[in-house]
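Peer 1: Attaching a predicted model along with its sequence, questions to come.
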Amino acid sequence: MIRTLLWLLGGAILGGIIHIVVILTLPALAEDTIWTRIAALNAQNKMVILPQVVPGEPNPLGFDPDVAYGVCQIDLNAGPAYLSGIMPDAFWSVALFNKQGIITYSTTNRDGIGQTLELGIFNADQTRLLAQQQLDIAEGLLVVESLDDDIFVLVRLAPPHQAMRQRFEDQLAKVKCGIKTPAPAPA
């Protein structure tokens with residue numbers, strides 16, 4: 001009887017370990033990830049407006065149909081990235097995602113930024129250059145350090161009325177996003 005219970009306990013523990021290993025390795029084996037979907041949009045260093053989500057249609061990312069979305073993919077190995085533009089006078093937010101789709105930074109216009117979006121995104125080495133004043137940045141630039149070099153930026157705009165959506169998307173398309181090599185600071 002005890003031997004049977006030990007075999008059952010051992011089988012349950014081994015089954016649990018196998019179950020956990022499989023659950024943890026499956027995401028790494030997936031070929032259709034958020035990163036591959038963003039790469040397919042051809043959004044490297046430019047803002048791409050995502051098509052409007054239609055209520056009742058498949059919505060795998062869980063987007064709100066009343067919100068306009070723009071995405072930009074960035075590789076910080078090529079240099080610091082900048083996001084710059086004038087946003088409409090309505091709610092908007094900006095989020096930085098790493099390659100795994102995890103938000104690493106987020107802000108909204110309700111954080112006191114207003115309508116002007118001026119964001120500098122730097123990796124650790126570039127931030128060190130900033131601290132040593134070897135990179136010039138514009139005054140008022142919101143500096144964000146990214147732990148990852150491969151990131152994408154998602155901008156959300158919430159038009160107060162659907163009749164204003166196209167104008168909001170046009171304004172969002174004007175947002176500059178990507179690598180810009182600033183001039184080195186004078187010695």
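Peer 2: Cool, the structure landed.

Peer 1: Am I right that residue 125 sits in a helix?
Peer 2: Yes - counting by DSSP: H, G, I helix; E, B strand; the rest coil, residue 125 is part of a helix.

Peer 1: Would you mind confirming that residue 78 is in contact with residue 179?
Peer 2: Yes - Residue 78 lies in contact with residue 179 (C-beta atoms under 8 Å); the separation is 4.7 Å. Where you see a C-beta, it was placed from the backbone N, CA and C, and this is true even at glycine.

Peer 1: Those two: who's more crowded?
Peer 2: Applying other C-beta atoms under 10 Å to residue 78 and residue 179 shows that residue 179 carries more neighbours, namely 16 against 13.

Peer 1: Mind telling me what element residue 143 is part of?
Peer 2: Assigning secondary structure by DSSP states H and E places residue 143 in strand 142-145.

Peer 1: After that strand, which helix or strand is next?
Peer 2: Next in line after strand 142-145, if elements are assigned by DSSP H and E, sits strand 150-157.

Peer 1: Figure out how far the least confident helix or strand in the chain by mean pLDDT is from the centre of its chain.
Peer 2: None of the helices or strands of the chain scores lower by mean pLDDT, DSSP states H and E than helix 124-131, at a mean of 77. In terms of C-alpha atoms, centre = their mean, to the nearest Å, the centre of helix 124-131 is set 21 Å apart from its chain centre.

Peer 1: pretty sure residue 85 is touching residue 117, no?
Peer 2: Yes - contact between residue 85 and residue 117 holds when scored by C-beta under 8 Å: they sit 5.1 Å apart.

Peer 1: Tell me where the model's unsure across this protein.
Peer 2: Residues of the chain that meet the criterion pLDDT under 70 lie in 30, 112, 134-136, 181-187.

Peer 1: would you say residue 72 is within a helix?
Peer 2: No - if the criterion is three-state DSSP, then residue 72 is strand and not within a helix.

Peer 1: Report the secondary structure state of the residue lying closest to it once chain neighbours are set aside.
Peer 2: Nearest residue to residue 72 in three dimensions, chain neighbours excluded: residue 177, at 3.7 Å (C-beta to C-beta, 6 or more residues apart in numbering). When states are read from three-state DSSP, the local structure at residue 177 comes out as strand.

Peer 1: Return the residues in contact with residue 177.
Peer 2: With contacts taken as C-beta atoms under 8 Å, 6 or more residues apart in numbering, residue 177 has the following neighbours: 45, 46, 47, 72, 74, 81, 82, 83, 84, 153.

Peer 1: ok, now with 10 Å
Peer 2: For residue 177, the residues meeting the contact criterion (C-beta atoms under 10 Å, 6 or more residues apart in numbering) are 43-48, 70-74, 81-85, 117, 119, 121, 152-153, 155.
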